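Student: any chance you could fold what I've pasted below:
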Amino acid sequence: GDSWGIFTFLCAALCNLPALPALNCTEELGAGQSIQKTYDLTRYLEHQLRTLAGTYLNYLGPPFNEPDFNPPRLARVERVPSATVDLDLWRGLTDNARLAANYRAYSRLLCYLRALDGQAATAELRHRLGHFCSSLQGLVLSIAGVMSSLGYPLPVGPAGPSAPPGTAGAPNDFLKKMDDFWLLKELQTWLWRSAKDFNRLKKKVPPAVVTLRLEARGF
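Tutor: This is a model prediction of the structure:
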């Protein structure tokens, strides 16, 4: 009898308690992890390009494989997106503008690299180019994922070039090789700068943000 009475009293007391807010803990994932993944992929591509560039420049032969070879950039290779923008000007852009520029550049560079893959004369070089193209395609998709997670729209319009290097009637074999040389050089610079971009961006957006929400019950 006494136990039943105590139980009944407790139930009545609990039913008459004022509505209390419930503390819910949710973890917002997405942007931070996507940025970290893109940064890691950029650094991996930097490492991968060093091996690919050495192999490809040896394939082109002298003077392209000589360490001190530094020719002027020809007007005909201006179709390849240039990363030689003043760093202060680049850093002055918004995150959205830098991401859009990266997305456009790698989309175009990927088209050029695929053309090189089709022209490569050796099986080893085709394998390396094919593997690198797959990784670069992953970077393009990863940048798109970062933009989406941050609420930025993807750039509109065609991202690819009108014609890959060497296909628009390079006057001679040397100039075609020059196109290939500058493609690799610009790609190297883009990856170097992109790694810095994503490193700064990941410091702005933590990998995981724990948010506490108060939800009132009974209202």
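Student: so which helix or strand takes in the spatially most central residue of the chain?
Tutor: The structure's the chain has its C-alpha centroid closest to I143; by C-alpha atoms, centre = their mean the separation is 3.8 Å. Assigning secondary structure by DSSP states H and E places I143 in helix 123-149.
Student: just the strands in the chain please.
Tutor: 21-28, 209-216 (DSSP state E).
Student: least confident of those, on average?
Tutor: Summarising mean pLDDT across those, the least confident stretch is strand 21-28, with a mean of 35.
Student: for the residue nearest to the centre of the chain, what are its contacts?
Tutor: In this structure, I143 makes contact with T38, L99, N102, Y103, Y106, judged by C-beta atoms under 8 Å, 6 or more residues apart in numbering. Quick note: C-beta positions are derived from backbone N, CA and C, even for glycine.
Student: what about the longest helix in this structure?
Tutor: helix 173-204 (DSSP state H).
Student: so how far is that one off the chain centroid?
Tutor: Relative to its chain's centre, helix 173-204 lies at 12 Å (C-alpha atoms, centre = their mean, to the nearest Å).
Student: and the angle from that helix to helix 123-149?
Tutor: Put simply, helix 173-204 runs at 40 degrees to helix 123-149, going by axes from the mean of the first three to the mean of the last three C-alpha atoms, to 10 degrees.
Student: quick check: buried residues in helix 173-204?
Tutor: For helix 173-204, burial by neighbour count (16 or more other C-beta atoms under 10 Å) applies to 176-188, 190-191, 193-195, 197-198, 201-202.
Student: quick one: the closest residue to S142 other than its chain neighbours from L99, how far?
Tutor: With C-beta to C-beta, 6 or more residues apart in numbering as the criterion, S142 has its nearest non-adjacent residue at 4.3 Å, and that residue is T38. If you measure T38 against L99 using C-beta to C-beta, to the nearest Å, the figure is 9 Å.
Student: overlap of the contact sets of the two?
Tutor: Each of I143, V146 lies in contact with both T38 and L99 under the rule C-beta under 8 Å, 6+ apart.
Student: stretch 174-183 - what's its average pLDDT?
Tutor: Mean predicted confidence for stretch 174-183 is 88.
Student: and if you look at stretch 38-53?
Tutor: According to the model, stretch 38-53 has a mean pLDDT of 95.
Student: repeat for stretch 70-85
Tutor: Per-residue pLDDT over stretch 70-85 has a mean of 71.
Student: contacts only, for N172.
Tutor: N172 is in contact with no residue at all, counting by C-beta under 8 Å, 6+ apart.
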